[in-house]
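**Q** show me the folded form of this:
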Amino acid sequence: MSRTAIIGSCITRDIWRECDIPLDDVLYVSRTSLPSLVSTPVAGPVMPADPPEGLGRHSLRMVAADLEKTALAALAEHRPTHLVFDFIDERFDLLEQDGAILTHSWELDRLGLIGGPGLESPRVIPRLSDEADRLWQGALARIAALLNTPPLAGTAVILHHAQWARDYRDGQGGQGSFSDDLHIWEDHPASLPAHNALLRRYRDLFVEAIPRARVVQAADDAQRADEGHVWGLSPFHYVTDYYPDVWRQLRGLGI
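**A** Have a look, this model is predicted:
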């Protein structure tokens, strides 16, 4: 029987939800980046006992894991037969504090930890910068080495490659289009073409570094966003046809 782990985003996690498949035995790590995964821990931040309005306990756990760097140990303990990556959460900028790298996710921002203990004055590393690219390639090399070491050396590695959708289905069943200039959130602008180019670059670097990795990708006509998506309109909240298409490919790889 397969045992799956996901290092990625809701686009992969939602395959299980959309296809009505239990997630009970799936290890899911999100709101992180490869450079953050392999970094030293960020010492000092105090996580709230309860999430503020608009965040769930999963968000607390994911931010804590990104700060404390527990994901890779959890992955080794899980001993997955299949490990699925997706890079949609690699849209966030990185932060550097006293040599430690973390992911500047909306959830981290919402928790108000920046400026507090351990994160007094983090330095922003823009996602599309040369520095972020160097950090990502260095982290990829470390992840590739980890995947060639027990207990992960026999794990099937899969990349769920996705692109930000250009078009979306609106609430009346018609079609709309995203502009090139979007926002990660409020004051964090992003370029749709630039991030899609980055995702393609990450894909190519990943399969070069990890030759056994297999790539799954939804058909072009399924790569449309959906205004009626449970998580709202976003270039990576896709129409319902997207998820079973990718699930069939994952099943073909033994999941």
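**Q** switch to C-alpha atoms for all contacts and neighbour counts from now on
**A** Fine.
**Q** residue 48 and residue 30, how far apart?
**A** 19 Å (Cα to Cα, to the nearest Å).
**Q** what about these two, which has more around it?
**A** For residue 48 versus residue 30, the count of surrounding residues by other Cα atoms under 10 Å is larger for residue 30: 25 against 11.
**Q** would you confirm that that one contacts residue 12?
**A** No: in this structure residue 30 lies outside contact range of residue 12 using Cα atoms under 8 Å: 10.0 Å.
**Q** just the strands from the protein, written as ranges.
**A** 4-8, 27-30, 82-85, 94-97, 100-103, 123-125, 156-160, 167-169, 175-177, 181-185, 188-191, 214-216, 225-226 (DSSP state E).
**Q** will you turn the ones you listed into a markdown table that also has mean pLDDT and distance to residue 147?
**A** Shown next, in a markdown table, are the strands of the chain (pLDDT from 0 to 100; distance: least, Cα to Cα, whole Å):
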| stretch | mean pLDDT | distance to residue 147 |
| --- | --- | --- |
| strand 4-8 | 98 | 13 |
| strand 27-30 | 97 | 16 |
| strand 82-85 | 98 | 10 |
| strand 94-97 | 98 | 24 |
| strand 100-103 | 98 | 21 |
| strand 123-125 | 98 | 27 |
| strand 156-160 | 98 | 8 |
| strand 167-169 | 98 | 36 |
| strand 175-177 | 97 | 39 |
| strand 181-185 | 94 | 31 |
| strand 188-191 | 96 | 32 |
| strand 214-216 | 98 | 14 |
| strand 225-226 | 98 | 33 |
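**Q** for these, give me JSON lines that also has distance to residue 132.
**A** Below are the strands of the chain laid out as JSON lines (distance: least, Cα to Cα, whole Å):
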{"stretch": "strand 4-8", "distance to residue 132": "18"}
{"stretch": "strand 27-30", "distance to residue 132": "18"}
{"stretch": "strand 82-85", "distance to residue 132": "19"}
{"stretch": "strand 94-97", "distance to residue 132": "7"}
{"stretch": "strand 100-103", "distance to residue 132": "10"}
{"stretch": "strand 123-125", "distance to residue 132": "6"}
{"stretch": "strand 156-160", "distance to residue 132": "20"}
{"stretch": "strand 167-169", "distance to residue 132": "28"}
{"stretch": "strand 175-177", "distance to residue 132": "29"}
{"stretch": "strand 181-185", "distance to residue 132": "17"}
{"stretch": "strand 188-191", "distance to residue 132": "15"}
{"stretch": "strand 214-216", "distance to residue 132": "24"}
{"stretch": "strand 225-226", "distance to residue 132": "28"}
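**Q** mind checking the ones you listed for the one nearest to residue 38?
**A** Comparison of the strands of the chain against residue 38 by Cα to Cα identifies strand 100-103 as nearest, at 8.6 Å.
**Q** parallel or antiparallel, which strands does that closest one pair with?
**A** Strand 100-103 has its sheet partners listed here by DSSP bridges as strand 94-97 (antiparallel).
**Q** and for residue 246, the neighbour number?
**A** 20.
**Q** could you find the closest non-adjacent residue to it?
**A** Nearest in space to residue 246, with sequence neighbours left out and distances taken as Cα to Cα, 6 or more residues apart in numbering, is residue 218 at 5.5 Å.
**Q** which residues does residue 202 contact?
**A** residue 87 (Cα atoms under 8 Å, 6 or more residues apart in numbering).
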